[in-house]
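>>> sharing a model that was predicted from the sequence below.
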Amino acid sequence: MKALRWYGVKDLRLDNIEEPTPKKNEVKIKVEWCGICGSDLHEYTAGPIFIPTEAPHPLSGGKAPIVMGHEFAGQVLEVGEGVTRVAVGDRVAIEPIYSCGECEACKQGKYNLCEKMGFYGLCGGGGGFSEFAAVPEHMLHKLPETVSYEQGALVEPSAVALHAVKQSKLKVGDKAAVFGTGPIGLLVIEALKAAGAGEIYAVELSEQRRAKAEELGAIAIDPNKGDVVEQIHQLTNGGVDVAYEVTGVPPVLTQAILSTKFNGETMIVSIFEREASLHPQNIVMKERTINGIIGYRDVFPAVISLMAQGYFPADKLVTKRITLDEVIDEGFEGLLRERNHIKILVKAE
């Protein structure tokens, strides 16, 4: 079968590999759609970040070259021994977190903070940029008929956004600012709407992405037109309750912190490729707080339920659909050429 594998920085190859057979407690999936994630792009341009290269990952047993793709949905084709939660023909989305179940974080139910945590499609085991995938049963979530496979491929990134909002101190009616309206930033806007935010401000350089943020209901701010922090404080009469940093650009972190009011909170949602400096006085003098999230936990069912209600709409968020044969040139390279894309989905054919 065809599968996209990561060998190194700027070295992706569409290989022909053996079709997987489900082992005990695994399920064979026919992949329908898989999204290209910002993390995938980071691995392509600056990796390895999550991809194991020297030793096999302790939970997946894989190391480079690995099949990529962790934002995907498909149909169950075959079930391995011991599988009871899904059956052949079920439509499913994949929650791709590997966790050990034994460390202190896992014992507390915070499996996304597992000492050995990894992502299916980033640390081995298989991936969604392939025709078929063998996936551990516990990673599967059934999709209702009202949620399409395209929506199913958006469940994973939407879960990141919903987890970020749930972990923040945002309350119904609060004011929020989202710095960066790429795919995750736009999904954060959707999660904020679902959480009942009173006002949502979106800071974005790209005209196309600002327009998309406005389409989703946010008040867009162009950082090219004056001081962003000053604009937000004027518009909100003192700052937002919570700011969400979703750019991974170091200077933006300071802007996000300063955009909040006294006792305000900044949530770091990005994966940063380099260090970001900040002045402690910007936190101390206003008793602000900074928090961060990695991945998600226990939110896939809520995301799927919200999708059934119309949130996280694929028709507004997907800007390009391509085939597996096009994934390198039109997908990864396409994202580097055309940074205005929101979400590119890949069809496994």
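Now that the structure is in, tell me what you want to look at.
>>> quick one: contacts of stretch 10-23?
Stretch 10-23 is contacted by residues 1-7, 28, 44-45, 65, 67-68, 78-81, 83, 126, 130-134, 324-325, 327-328, 332 when judged by C-beta atoms under 8 Å, 6 or more residues apart in numbering. Where you see a C-beta, it was placed from the backbone N, CA and C, and this is true even at glycine.
>>> so which of the residues you listed sit within helices?
Under the assignment DSSP state H, the contacts of stretch 10-23 contribute 44-45 to helices.
>>> quick check: closest non-adjacent residue to Val88.
Val76 (5.4 Å; C-beta to C-beta, 6 or more residues apart in numbering).
>>> tell me how many other residues crowd that neighbour.
When counting by other C-beta atoms under 10 Å, one arrives at 22 neighbours for Val76.
>>> tell me the contacts of it?
Counting by C-beta under 8 Å, 6+ apart, Val76 touches 27-29, 86-92, 140.
>>> so how do I select the buried members of those in PyMOL?
Filtering the contacts of Val76 down to the buried ones (16 or more other C-beta atoms under 10 Å) takes a single PyMOL command:
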select buried, resi 27+28+29+86+90+91+92+140
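>>> pipe the contacts of Val76 into JSON lines and attach pLDDT and distance to Ser148 per row.
Compiled in JSON lines, the contacts of Val76 are given as follows (pLDDT from 0 to 100; distance: C-beta to C-beta, whole Å):
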{"residue": "Val27", "pLDDT": "98", "distance to Ser148": "20"}
{"residue": "Lys28", "pLDDT": "98", "distance to Ser148": "21"}
{"residue": "Ile29", "pLDDT": "98", "distance to Ser148": "16"}
{"residue": "Val86", "pLDDT": "97", "distance to Ser148": "18"}
{"residue": "Ala87", "pLDDT": "97", "distance to Ser148": "20"}
{"residue": "Val88", "pLDDT": "98", "distance to Ser148": "20"}
{"residue": "Gly89", "pLDDT": "97", "distance to Ser148": "16"}
{"residue": "Asp90", "pLDDT": "98", "distance to Ser148": "15"}
{"residue": "Arg91", "pLDDT": "98", "distance to Ser148": "9"}
{"residue": "Val92", "pLDDT": "98", "distance to Ser148": "13"}
{"residue": "Leu140", "pLDDT": "98", "distance to Ser148": "17"}
